[in-house]
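Participant: What follows is a predicted protein model with its sequence.
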Amino acid sequence: MSGCVECVRWRRDEEEARRRGDHSRAADCRVLLRRHRAAGCPGARGAEGWRGDR
């Protein structure tokens, strides 16, 4: 997993939302993570554990 603080935050928030059954928030977190990474996150390419296909 990337050590980027923003990436970690979005993934953590997604996991929490899924545990609560808040699927809309979980989807929002995935979208925001993708946007963050597309905007130039240093860990965007080849980061282990990133589920970019979701």
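Facilitator: Arrived safely, thanks for sending.

Participant: all contacts plus neighbour counts: C-alpha atoms, from now on.
Facilitator: OK.

Participant: and residue 43, how far is that from residue 21?
Facilitator: To residue 21, residue 43 is 28 Å away according to Cα to Cα, to the nearest Å.

Participant: correction: residue 37
Facilitator: With distances taken as Cα to Cα, residue 37 is found 25 Å from residue 21.

Participant: So which of the two has more stuff around it?
Facilitator: Neighbours per residue, other Cα atoms under 10 Å: of residue 37 and residue 21, the larger number sits with residue 37, 18 against 11.

Participant: Report the contact partners of that one.
Facilitator: Residue 37 makes contact with 7, 43, 44, according to Cα atoms under 8 Å, 6 or more residues apart in numbering.

Participant: could you say which helix or strand contains the closest residue to the last one other than its chain neighbours?
Facilitator: Just to be clear, that refers to residue 44. Using Cα to Cα, 6 or more residues apart in numbering and skipping residues adjacent in sequence, the residue nearest residue 44 is residue 37, 5.2 Å away. In the assignment (DSSP states H and E), residue 37 maps to helix 23-38.

Participant: ok, and for that helix, which residues are buried?
Facilitator: Within helix 23-38, the residues scored as buried using 16 or more other Cα atoms under 10 Å are 25, 26, 29, 30, 32, 33, 34, 37.

Participant: and that helix, what's its mean pLDDT?
Facilitator: Averaged over helix 23-38, pLDDT sits at 96.

Participant: now stretch 43-53
Facilitator: 54.

Participant: returning to that earlier point: please indicate which of the contacts of residue 37 are buried?
Facilitator: In these, the ones that pass as buried (16+ other Cα under 10 Å) are 7, 44.
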